[in-house]
Each structure stands twice: as structure tokens, then as C-alpha cells.
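Novice: Can you look at this prediction? I've put the sequence above it.
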Amino acid sequence: MIIGIILGVVAAVMRLSPNPLISGASWIYIWFFRGTPLLVQLLFWFNIGALFPTIDLGVPFGPSFIHANANTLITGYVAALLGFGLNEGAYMSEIVRAGIISVHHGQTEAAQSLGMRRLQIMRKIVLPQAMRVIIPRRATRRSRCSRTPRW
């Protein structure tokens, strides 16, 4: 859940970016992981060793610095973390994006007029107000009896 929340906030901010490359990359991530069934994602991550027997990190088409066997690196637990985290991140990004969009644009303009940077505006002005929309309120029931005085 923590991985999904962090990925969701980052993907939502990326999706609202004015840069089309960043916004497009976030859109593709959200589209792919929301459109693919979760069971397929879990099976893919668990069986990734069949596609890539070794995972090498290094210079592309050059020397590799880190070599690892995919089956020992991605265990069942790691596959579940990747599958659930990436899927939850895609769904959470849409929830966070809706919360950010719900904040009136005048709040951002007022913060810009004060000289705040984009990151400061998002962290100190927009996200605290968006949390009211992002986190659902608990519905409370009050019966008529609780409002009338007891005799």
C-alpha cells in the first residue's frame, strides 16, 4: 500500500505536468497497469526469469557492472510487492489527480503571486487541500433520537 501511495502521488503530479514527455510517460504507466488484470501482472513478475534469465545493469551495449540471476533476485514475495505496488500506484494516481484537480486554480495563482515555486505550491498549498477529497470521510449516521433531548 505504501509503494502504491508513493507511486500514485508521483504519477499524478507527472500526469498534471505541462511537459508532454513526462505527462505522456505517466499516462502510459497508468493506462498499462490499470488495463492489465492484476493476476496477469502477478504471473508476469513471478515468471520474469523465463524471459530474462539474468539481469545485468551497466552501460547499454557495453560492460555490465552488476549481474544477477532473475530467479534469485525476484522471489515470490518481491513479485507480489511489484505486482500489487505497481497496480495500486496506477489506481491511486487517478484518485490523487482528481483531488489535485478539485483544488481551485486561484489557490495556485495566489501562491505564484507570492513567489512560491511549483514544488512548494504543490507541497504546501495544493496537496493539503486535496487531501480532503483524496481521503474519504467516514459516513456517520445520526438518528433523530440523538438530536432530541432525553426526558
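Specialist: That came through fine.

Novice: From the contact counts, what lies against the longest helix that the chain contains?
Specialist: In the chain, with assignment by DSSP state H, the single longest helix is helix 76-102. Judged by 3 or more C-beta pairs under 8 Å, 6 or more residues apart in numbering; DSSP states H and E, helix 76-102 is in contact with helix 2-15, helix 20-35, helix 38-46, helix 127-134. Where you see a C-beta, it was placed from the backbone N, CA and C, and this is true even at glycine.

Novice: okay but residue 49 is in contact with residue 76, surely?
Specialist: No - counting by C-beta atoms under 8 Å, residue 49 does not reach residue 76; the two are 11.5 Å apart.

Novice: Between the two, which has more neighbouring residues?
Specialist: Applying other C-beta atoms under 10 Å to residue 49 and residue 76 shows that residue 49 carries more neighbours, namely 16 against 10.

Novice: follow-up on the earlier one: quick one: name whatever helix or strand follows the longest helix of the chain.
Specialist: helix 105-113 (DSSP states H and E).

Novice: Now do the residue lying closest to residue 1 once chain neighbours are set aside against residue 53, distance only.
Specialist: Spatial nearest neighbour of residue 1, chain neighbours left out: residue 88 (6.5 Å); criterion: C-beta to C-beta, 6 or more residues apart in numbering. Look at residue 88 and residue 53: by C-beta to C-beta, to the nearest Å, they are 29 Å apart.

Novice: so what does the helix or strand where residue 55 lies touch, helix or strand wise?
Specialist: Take DSSP H and E as the rule and residue 55 turns out to sit in strand 54-58. If you count contacts as 3+ C-beta pairs under 8 Å, 6+ apart, strand 54-58 packs onto strand 64-69, helix 70-73.

Novice: most packed of the ones you listed?
Specialist: With neighbours defined as mean count of other C-beta atoms under 10 Å, these peak in mean count at helix 70-73, which reaches a mean of 12.

Novice: which residues sit against it?
Specialist: 48-49, 52-55 (C-beta atoms under 8 Å, 6 or more residues apart in numbering).

Novice: Need the helices and strands packed on strand 54-58 in JSON lines (columns: distance to residue 29).
Specialist: Shown next, in JSON lines, are the helices and strands packed on strand 54-58 (distance: least, C-beta to C-beta, whole Å):
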{"stretch": "strand 64-69", "distance to residue 29": "24"}
{"stretch": "helix 70-73", "distance to residue 29": "22"}
